[in-house]
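Enquirer: Provided below are the primary sequence and the corresponding predicted coordinates.
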Amino acid sequence: MTGEVQSAPEPMPRTALLGIGYVEAKLSDFVGTTGYERRLDDPTGFLAVSADFRGDGRVDQARVLRNTERGVAYVVVVTLREKIDTYVVKSMPLSEADNIGIRGAAPAKPNLVAAGLTIFALDGTSAETFDLVNDDFARRNSQ
């Protein structure tokens, strides 16, 4: 499974963010938005990815989380090892989340096994890929 991206994500472990008002974004949250039709092209609505982001052979979870009370959305990666680690890869105003999706990316280099995470605009205007580097997610093109 190393470096491989799964199409049907496993359940996300309970994180502190879920305890303070953030919820996993779901397709129905985006009905009526300009990107909704594009979301129908993916079984998860481009809102969830299961992949090995650490390169250790274990499946990790990436999700789009929303907090309507705070008006913010996060793209997070959750890894479960001896403890749950939650990485906020990107934060944005809730309205910007209407046009973003996530998908797994091939490893940054042929000799690496960890998958990357691509955050992209559903309208095709932008995309950026992140990799776990030194225990934090860094933009691939800035390495």
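Expert: Structure's in. What do you need?
Enquirer: would you mind measuring the gap between the ends of stretch 25-44?
Expert: In stretch 25-44, first residue to last residue: 10 Å (CA to CA, to the nearest Å).
Enquirer: pLDDT below threshold where in the chain?
Expert: The chain contains residues with pLDDT under 70 at 1-19, 142-143.
Enquirer: and the residue nearest the centre of it?
Expert: With distances taken as CA atoms, centre = their mean, A62 lies nearest the centre of the chain, 3.6 Å away.
Enquirer: now that residue: closest residue in space, sequence neighbours ignored.
Expert: Closest residue to A62 apart from its sequence neighbours, by CB to CB, 6 or more residues apart in numbering: V49 at 4.3 Å. No exception for glycine: its C-beta is placed from N, CA and C like everyone else's.
Enquirer: how close does V23 sit to D98?
Expert: Using CB to CB, to the nearest Å, we find V23 at a distance of 16 Å from D98.
Enquirer: tell me which of those two has more neighbours.
Expert: Remark: of V23 and D98, D98 carries more neighbours, 18 against 13, as counted by other CB atoms under 10 Å.
Enquirer: can you pull up the bridge partners for the residue nearest to the centre of the chain?
Expert: V49, V77 (DSSP bridges).
Enquirer: was I right to think it contacts V75?
Expert: Yes - contact status for A62 versus V75: in contact at 6.9 Å, counting by CB atoms under 8 Å.
Enquirer: for this protein, what spans make up the helices?
Expert: In the chain, the helices defined using DSSP state H lie at 16-19, 36-39.
Enquirer: burial measure for G116, as a count.
Expert: Neighbour number of G116 under other CB under 10 Å is 23.
Enquirer: typed the wrong thing, it's L47
Expert: By other CB under 10 Å, 24 other residues sit near L47.
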